Every structure is written in C-alpha cells, then in structure tokens.
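1. Quick one: sequence plus predicted model below, questions after.
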Amino acid sequence: MLDRAAAGDASARARLLSRHRQKLRNLIALRLDPRLAARFDPSDVVQESLAEADRRLAVYLNERPMPFYLWLRELTLQRLIDLHRRHMRTQKRTVRREEARLSYLSDDSIRQLGDRLIDQASGPSRRLENKLAARRLHQALAELSERDRDVIVLRHLEQLSVKEIAALLEISPGAVKVRHVRALERLRRLIGEEDRS
C-alpha cells in the first residue's frame, strides 16, 4: 500500500491514513492527561494528527525513516505534547524527551492492562480476586522502572508488535523479547511481594 500511495494512488493514500485511526485513538486515550481529558476528545487529536500526516506523507514515502505506524504514532504523540504544552504551560521538548512524561497510566489504562494480564474468569469470588489483583498490579506497576513499565505498556496496552517496539526503542527484536520477559518477571515478583505483605 505504501508503494501504491507513493505512486499516486489516492485510494491507497486514504486507506493508509485511516487504517490506524482506532489504534491512534487508543494511544491518545491511554496517554491523555486526565486534566485535559474533559476538554479534548481523543478522536479530535487523531484527526489533527492524520491531517498533519497527510501533509507530510510525500516526504515520508520518499524517505521511509521508520515503519509507517511508528511514524504516525510519533506525529500523534507530538500533537498530544503540543496540546499538553499549550494547556499545561510546559516548555517545548521533543517527542522522545516528552514521551516519558506521557507514560503515566490512568486508572482506566490500569484496568485495561489488568484485563489483559489477569485472568477474567467469572463468578463473585473470582471477580473479587481479580479486583484485588488489579489493585496489586497498579501498585506493582508504580514500583517498576520506567524501562520495564514502558515495554509492558507498549506490548500489552498499545499492542505494538515486537518488530514495532524494536524500531521504536532502537534495539533488536530479540532484545525486546528479553526485556519484555524480564519486565513481566519483575512485575510478577513485585505482585508476589504485595501478596506477602
């Protein structure tokens, strides 16, 4: 599709820009500061980001500096950083420097992560166990290093592929897999420590 869009195919260009819309919306919903969430809808931020991507698409298609979704993701995060800066009065920084500031997790994001990491079996006692596990997960995530938390969030909340995470973090896919497994082990250990407390 990238080649067809580069060759001037308007329908390929439109599909290329719209195919990741929901994924980008989820990214914004995940990282939007709760103080701004009441004023801005993630869909609006995505729409502005896709409009910017449309303006820059020819340059991207010519250079292809990174996988397409990661390029869209970077444009979208830059839009979110600009929004945050305008409304929260922070100084200008790059996406890579500011992304750490956007890595906090809202309660809803923690619930989503918990849903993906914790067995969601039914039954009253099982639901109570899941609720307690989610609380422990939230506490354990807060104690994880930023590096470990990031790889878990990228993989399980943003649902990026190993290849995409590798390109984003500028490490090999094998290193991503090792980092992910180790982060999950540390998370399990922290949750286990909570259980013993």
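-> It's in. Model, not experiment: these values are computed from the prediction.
2. Please, where are all the helices along the chain?
-> Using DSSP state H, the helices assigned to the chain run over residues 2-6, 10-18, 21-31, 34-37, 42-63, 68-88, 95-98, 107-117, 124-143, 146-152, 162-169, 173-196.
3. for the record, mean pLDDT for stretch 151-168?
-> The pLDDT scores in stretch 151-168 average 92.
4. shift numbering so it begins at 127
-> Right, with 127 as the first residue, what we last looked at is stretch 277-294.
5. Surely residue 175 is in contact with residue 208?
-> No. In this structure, residue 175 is not within contact of residue 208 by CB atoms under 8 Å, at 10.2 Å. C-beta: built from backbone N, CA, C; applies to glycine.
6. Comparing those two, which shows the higher neighbour count?
-> Using other CB atoms under 10 Å, the more surrounded residue of residue 175 and residue 208 is residue 175, with 25 against 14.
7. if I look at the closest residue to the more buried one other than its chain neighbours, how far off is residue 305?
-> With CB to CB, 6 or more residues apart in numbering as the criterion, residue 175 has its nearest non-adjacent residue at 4.1 Å, and that residue is residue 202. Per CB to CB, to the nearest Å, residue 202 is found 24 Å from residue 305.
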